[in-house]
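Engineer: what follows is a protein structure lacking sequence information:
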């Protein structure tokens with residue numbers, strides 16, 4: 001447990017992995033909560049299935065980019081003037097690749113779940129098959145073949161409920177979908193394992209430098225944020241202190257409005273502070289501040 005906590009506190013990479021995992025978990029939860037129902041209308045099945053297959057992954061992809069810490073850092077680093085420090089294109093490329101890989105993870109999970117579930121492929125491609133290869137619809141002479149194929153995904157359609165052709169087409173497409181999903185999962189696992197074994201062997205001097213400067217830029221950003229907080233604290237402290245010193249005489253006049261039988265001197269002084277600060281907040285100090293901040 002202690003190792004897990006330290007990993008979560010170790011830096012930007014751990015935080016990015018947490019965010020990526022959260023988005024992946026969200027995609028799984030959304031898929032389980034979403035009840036897919038095929039329209040079973042000729043000409044509408046495939047567009048609707050493709051929309052369900054591709055629209056949520058696009059949303060998850062852009063959300064993954066927006067929540068990535070590298071999104072802002074990459075934009076700032078790319079758009080800043082070089083000044084005294086030249087831009088390291090290798091670091092920028094590494095940040096971009098890392099951001100894209102993490103942003104692509106949730107969409108890939110969604111698509112894989114859709115394939116393993118099989119309903120989308122049955123809905124989208126039932127109209128593209130030849131029913132004669134699965135027994136045909138000779139028992140339904142009064143219906144067009146396209147209408148019957150479009151009704152294949154609908155189990156509640158009474159006319160095809162007990163049709164062996166409908167069951168065969170549905171089973172074939174579901175097996176095909178699950179086969180594609182399993183092969184894709186296996187391929188991704190193999191590629192990931194090969195990358196974990198091969199990439200360390202190919203870690204050249206330039207790769208190590210890119211990793212170093214990538215972590216350095218993240219640490220520099222953290223230090224800058226800490227210094228901004230400290231500077232803001234000193235700026236606010238100086239502003240409030242100067243305000244209280246300059247309004248001392250005015251406070252003494254305002255104290256007469258309070259009934260000292262109800263409030264002590266310290267309470268009256270505090271109430272006047274709060275009221276005057278609320279009504280007459282002074283401007284932020286500027287020019288002479290750096291000379292006084294230590």
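Structural biologist: Looks like it arrived, so ask away. From a predicted model like this one, the values you see are computed outputs, not experimental measurements.
Engineer: secondary structure element for residue 194?
Structural biologist: Residue 194 is part of helix 164-198, with elements assigned from DSSP states H and E.
Engineer: what does residue 123 give?
Structural biologist: Per DSSP H and E: residue 123 is located in helix 119-125.
Engineer: chain center to the helix holding residue 194: distance?
Structural biologist: How far helix 164-198 lies from its chain's middle: 26 Å, per CA atoms, centre = their mean, to the nearest Å.
Engineer: the residue nearest to residue 127 when sequence neighbours are not counted and residue 140, how far apart?
Structural biologist: Closest residue in space to residue 127, ignoring its immediate chain neighbours: residue 149 at 4.6 Å, by CB to CB, 6 or more residues apart in numbering. For every residue, glycine as well, the C-beta is placed using N, CA and C. As for residue 149, its distance to residue 140 is 11 Å (criterion: CB to CB, to the nearest Å).
Engineer: quick one, which of the two is more surrounded?
Structural biologist: Set residue 149 next to residue 140 and count neighbours by other CB atoms under 10 Å: residue 149 wins out with 24 against 16.
Engineer: buried stuff in stretch 177-189?
Structural biologist: Buried residues in stretch 177-189, counted by 16 or more other CB atoms under 10 Å: 177, 180, 181.
Engineer: the first one touches residue 123, doesn't it?
Structural biologist: No - counting by CB atoms under 8 Å, residue 177 does not reach residue 123; the two are 10.3 Å apart.
Engineer: ok, the nearest residue to residue 134 once chain neighbours are set aside - how many residues close by?
Structural biologist: Spatial nearest neighbour of residue 134, excluding adjacent residues (CB to CB, 6+ apart): residue 168 at 4.1 Å. Residue 168 is flanked by 16 other residues according to other CB under 10 Å.
Engineer: same question, residue 85
Structural biologist: Counted with other CB under 10 Å, the neighbours of residue 85 add up to 8.
Engineer: tell me which helix or strand it sits in.
Structural biologist: Assignment of secondary structure by DSSP H and E places residue 85 within no helix or strand.
Engineer: one more: residue 76?
Structural biologist: helix 69-79.
Engineer: show the average pLDDT along the helix or strand that that helix is followed by.
Structural biologist: The helix or strand immediately downstream of helix 69-79 is helix 89-117, counting by DSSP H and E. What helix 89-117 shows for mean pLDDT is 85.
Engineer: follow-up on the earlier one: confidence score at the residue nearest to residue 127?
Structural biologist: Here the pLDDT value assigned to residue 149 is 88.
Engineer: which residues touch it?
Structural biologist: Residue 149 is in contact with 42, 126, 127, 129, 131, 169, counting by CB atoms under 8 Å, 6 or more residues apart in numbering.
Engineer: all strands of the stretch 151-294 of the chain, in order?
Structural biologist: With DSSP state E, counting those that start in this stretch applied, the stretch 151-294 of the chain shows no strands anywhere along its length.
Engineer: quick one: residue 127 from residue 157, how far?
Structural biologist: From residue 127 to residue 157 the distance is 14 Å (CB to CB).
Engineer: same question, residue 200
Structural biologist: 56 Å.
Engineer: what do you get for residue 208?
Structural biologist: Taken as CB to CB, the span from residue 208 to residue 157 is 62 Å.
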